[in-house]
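# this is a predicted model, with the sequence first.
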Amino acid sequence: MTHEAGWYPDPSGRHEHRYWDGTRWTEDVASGGRQGTDPDLTAAPPPTVNRPTEKIVRDVAKAGATGAGRGGGTVFTEPVLVVNQKAKLIEVNNEYAIYDADGRQIGAVREVGQSKLKKAARMLTSYDQFMTHKLQIVDMAGSVLLAVTRPAKVFKSRVEVVDGGGRPVGRVVQQNVIGKIRFALEAGDRAVGSINAENWRAWNFSIRDHADAEVARITKTWEGLAKTMFTTADNYVVQIHRPLEEPLRSLVVAAALSVDTALKQDKRGFG
């Protein structure tokens, strides 16, 4: 890492940020606006989901993504990403495993920086829908690839995206609250694409570039009545139709892996 000294996403995964002094990571950490120390620099293992390979392959087939081919084996180079949320009766931390089309886990999404008060709010109330949520997209070594923050909101969600070194990538901005939900993908002061729900329940999305051509698709897969009723787990397939340039590629990956948090916290869609 050759970045200037400053605060960056904590590679250990236990905190939101850790201080880089220009040459090494220090024990100084911060979460929820509060600073502290943590000398343990060991990266936390990525979340895993005990999901059989045959079910992942089945999900790919259900989404119509079986002919997409194979990529380079990473979150940024695979044309198909299968996202499985860890099944919990009560969701206190958002955790997802990311697989390729063959069922090999290539990354994960983990929530960071939650206080005890926020966890209690998630268990006992629905107030957490208005709170800030911070996620990290990590590889299988636990290294941060992207960090996304959904700031506290009332009606519309906004997701801020930075890369693993803390550099801004762009934003995913909700455009409406009534009808089919639409998000804009923005980098700097320009729109580079959009995410468009294909029905009012926001189960399936078409991701389009600035010229309104579809570049990716998100398809929710049905897991069965019992699991849907009694757990918080969601499963969906992301199909990226062609190699994308930056920052669109990172925004598409971040959007596809965080749209569930952006919508589900207000009890719409994917639920």
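Perfect, thanks for sending it.
# every contact and neighbour count from this point should use C-alpha atoms.
Noted.
# residues near Arg34, how many?
8 (other Cα atoms under 10 Å).
# now for Gln35: which residues touch it?
28-29 (Cα atoms under 8 Å, 6 or more residues apart in numbering).
# if you could redo that for Leu251, that was the one I meant.
Here Leu251 is in contact with 161, 169-172, 185 (Cα under 8 Å, 6+ apart).
# ok, and for the helix or strand containing Arg58, which residues are buried?
Assigned by DSSP states H and E, Arg58 belongs to helix 53-62. Residues of helix 53-62 classed as buried: 56-60 (neighbour count, 16 or more other Cα atoms under 10 Å).
# what segments of the stretch 51-200 of the chain are strands?
80-85, 95-99, 105-111, 133-138, 144-150, 158-163, 168-174, 182-187, 190-197 (DSSP state E, counting those that start in this stretch).
# can I get those strands in TSV with mean neighbour count, distance to Arg217 and mean pLDDT?
Shown next, in TSV, are those (neighbours: other Cα atoms under 10 Å; distance: least, Cα to Cα, whole Å; pLDDT from 0 to 100):
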stretch	mean neighbour count	distance to Arg217	mean pLDDT
strand 80-85	27	10	91
strand 95-99	26	16	91
strand 105-111	24	19	92
strand 133-138	26	19	88
strand 144-150	25	20	90
strand 158-163	22	19	91
strand 168-174	22	16	93
strand 182-187	22	14	95
strand 190-197	21	9	94
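# and the ones you listed as JSON lines, adding distance to Pro45?
Shown next, in JSON lines, are these (distance: least, Cα to Cα, whole Å):
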{"stretch": "strand 80-85", "distance to Pro45": "16"}
{"stretch": "strand 95-99", "distance to Pro45": "12"}
{"stretch": "strand 105-111", "distance to Pro45": "10"}
{"stretch": "strand 133-138", "distance to Pro45": "9"}
{"stretch": "strand 144-150", "distance to Pro45": "11"}
{"stretch": "strand 158-163", "distance to Pro45": "19"}
{"stretch": "strand 168-174", "distance to Pro45": "25"}
{"stretch": "strand 182-187", "distance to Pro45": "30"}
{"stretch": "strand 190-197", "distance to Pro45": "31"}
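# looking at these, spot the one closest to Asp40.
strand 144-150 (16.3 Å; Cα to Cα).
# next up, the contacts around Pro168.
Applying Cα under 8 Å, 6+ apart, the residues contacting Pro168 are 161-162.
# that one and Val192, how far apart?
15 Å (Cα to Cα, to the nearest Å).
# picking that back up, of the buried residues of helix 53-62, closest to Thr26?
Using Cα to Cα, these come closest to Thr26 at Ile56, 39.4 Å.
# what residues are up against the nearest residue to that closest one once chain neighbours are set aside?
Among residues not flanking Ile56 along the chain, Gly103 sits closest, at 5.6 Å (Cα to Cα, 6 or more residues apart in numbering). By Cα under 8 Å, 6+ apart, the contact set of Gly103 is 53-54, 56-57, 82.
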